[in-house]
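**Q** Here is a sequence with its predicted model. Questions after.
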Amino acid sequence: MKKTGNVVHDVLNCAIRKETKAELKEFSLQLLHREIQFTANGYFTLDNTFLHSVRIIRM
């Protein structure tokens, strides 16, 4: 999420409208303070550990 936060920060510096800046600041704070986790319908976490464990089968 650090990369996303950096992108939001860069866009925030370029934003012109006050409303846009306010929304980007709020989103940036959410990225910093919330742990975002993706799951497969709650069965397992989709993270780097999972992705490294998956083997691609070639036909």
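**A** Sure, I can see it. Numbering: from 1, shown residues only.
**Q** Now do stretch 10-20, average pLDDT.
**A** Regarding stretch 10-20, the rounded mean pLDDT is 80.
**Q** Centre of the chain to that stretch, how far?
**A** Relative to its chain's centre, stretch 10-20 lies at 19 Å (C-alpha atoms, centre = their mean, to the nearest Å).
**Q** Pull up the gap between Gln30 and Leu24, please.
**A** Separation of Gln30 from Leu24 (C-beta to C-beta, to the nearest Å) stands at 11 Å. Any C-beta I mention is one placed from the backbone N, CA and C, and that applies to glycine too.
**Q** higher neighbour count, those two?
**A** Between Gln30 and Leu24, Leu24 has the larger neighbour count (other C-beta atoms under 10 Å), namely 17 against 13.
**Q** where in this protein is pLDDT low?
**A** Applying pLDDT under 70 to the chain picks out residues 1-2, 15, 55-59.
**Q** quick one: the helices in this protein?
**A** Assigned by DSSP state H, the helices in the chain fall at 2-14, 18-33, 48-53.
**Q** possible to save those as a markdown table with distance to Thr39?
**A** Formatted as a markdown table, these follow (distance: least, C-beta to C-beta, whole Å):
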| stretch | distance to Thr39 |
| --- | --- |
| helix 2-14 | 19 |
| helix 18-33 | 19 |
| helix 48-53 | 10 |
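**Q** Can you check which of those gets nearest to Ala40?
**A** Nearest of the helices of the chain to Ala40, taken as C-beta to C-beta: helix 48-53 at 8.6 Å.
**Q** What residues sit buried inside the closest one?
**A** Residues of helix 48-53 include none that count as buried (16 or more other C-beta atoms under 10 Å).
**Q** Dump that helix to CSV, restricted to CA.
**A** Output in CSV follows, covering the C-alpha atoms of helix 48-53 (Å, rounded to 0.1, in the frame of the first residue of the first chain):
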residue,chain,number,x,y,z
ASN,A,48,2.4,-12.3,-1.6
THR,A,49,2.8,-15.5,0.4
PHE,A,50,-0.2,-17.1,-1.4
LEU,A,51,1.0,-15.8,-4.8
HIS,A,52,4.4,-17.3,-4.3
SER,A,53,3.0,-20.6,-3.4
